[in-house]
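Colleague: Okay, predicted coordinates and the sequence, questions at the end:
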Amino acid sequence: MIQDMIGYIAGVFILFSIVPQIIKSYKTKSVKDISILMLISILIGTAFWIAYGIMVQGMPVIVLNIIYFFVVAYQLFLKIKYEK
């Protein structure tokens, strides 16, 4: 369906929006300018999007938000690991 394709495309763009930050954090080991509250808020919001996707049986919402959840969780891990 066209709706699913649009959902997947939107999700991929959102997913890739954080990838440059993760790469920079990993390479530089610097995370001082990243807000831990922002990362936690994104994780909570993403968990709700996953729940919503399950309720409406929206596969693009479910799949991409599960991936996004783990990507943001990795950024949070880097924040905690490299915070000085």
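Modeller: On my side now, so go ahead.
Colleague: Any figure for the gap between residue 47 and residue 72?
Modeller: 10 Å (CB to CB, to the nearest Å). (Each C-beta comes from the backbone N, C-alpha and C, glycine too.)
Colleague: Just want to know which of those two has more residues nearby.
Modeller: When residue 47 is set against residue 72 and neighbours are counted by other CB atoms under 10 Å, the residue ahead is residue 72, at 23 against 13.
Colleague: Okay, and that one sits in which element?
Modeller: In the assignment (DSSP states H and E), residue 72 maps to helix 59-82.
Colleague: so for that helix, what's the average pLDDT?
Modeller: Averaged across helix 59-82, the pLDDT comes to 94.
Colleague: Run through the residues that contact the most centrally placed residue in the chain.
Modeller: Taking CA atoms, centre = their mean as the criterion, residue 68 is the residue nearest the geometric centre of the chain, at 3.2 Å. Listed by CB atoms under 8 Å, 6 or more residues apart in numbering, the contact partners of residue 68 are 11, 14-15, 18, 46.
Colleague: just curious, which of those residues is nearest to residue 82?
Modeller: The closest of the contacts of residue 68 to residue 82 turns out to be residue 18 (CB to CB; 16.0 Å).
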